[in-house]
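# Got a sequence here, can you build the structure:
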Amino acid sequence: MISSLGKYIVNFIIIILAQVLILNNIDFGIYINPFLYLLIILSLPVNISNWLLFTTGFITGLIIDAFTNSIGLHASATVFLCFTRPYILKYFAPRDGYEPGSLPVPSHFGNAWFFKYILIGITAHHFFLFFTEAFTFTDFTTTLSKIVASTIVTSLIIMIAQMFGKRNKRR
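Numbers count the residues shown, from 1 in each chain. Now for the predicted structure:
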């Protein structure tokens, strides 16, 4: 990871800028909130240390909170995603386990594996984020609709971003 630290920093900046400058300014309606920044956490190496994973998640969430005035909602939801990520990766682990240095990206494990992995991770994040934001179960169906719609759109945007990133590597 240290050898590709520059690549991670550049990707971090690009993804945060895309989230803050583009996706946060497009009105998708009240039910759809795409969060491309989740790709930062979901694409970190499989064998990353927990302290670095949680620190990256917390800092990413705080940056998004600073631009959306959400006072810790994204920071807590990304930390929750960082907590669930090892369990999700363990569930989808190959029979022989992960090789050292492997990345949870489509080029390493395939599109189907990656889609299932991000779908569960994004759903966990959105479930925590939207129910914490609502802080009640009285509008359960509205919150659940936001979770489902936002999960679908976020998953599609992340898959498109991964295809775009893979296309650039071929050039």
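
# alpha carbons only for contacts and neighbour counts from here, please
OK.

# packing partners for the lengthiest helix in the chain?
Criterion DSSP state H: the longest helix present in the chain is helix 140-170. For helix 140-170, the elements it packs on are helix 111-134, judged by 3 or more CA pairs under 8 Å, 6 or more residues apart in numbering; DSSP states H and E.

# so the helix it packs on versus helix 140-170, what angle?
In terms of direction (axes from the mean of the first three to the mean of the last three CA atoms, to 10 degrees), helix 111-134 departs from helix 140-170 by 140 degrees.

# May I see the buried residues of helix 111-134?
Within helix 111-134, the residues scored as buried using 16 or more other CA atoms under 10 Å are 113-115, 117-131.

# ok, and what's touching that helix?
Residues outside helix 111-134 that contact it (CA atoms under 8 Å, 6 or more residues apart in numbering) are 38, 42, 73-74, 76-78, 80-81, 84-85, 88-89, 92, 104-106, 137, 143-144, 146-148, 150-152, 154-155, 159.

# what mean pLDDT does that helix have?
Taken as a whole, helix 111-134 has a mean pLDDT of 95.
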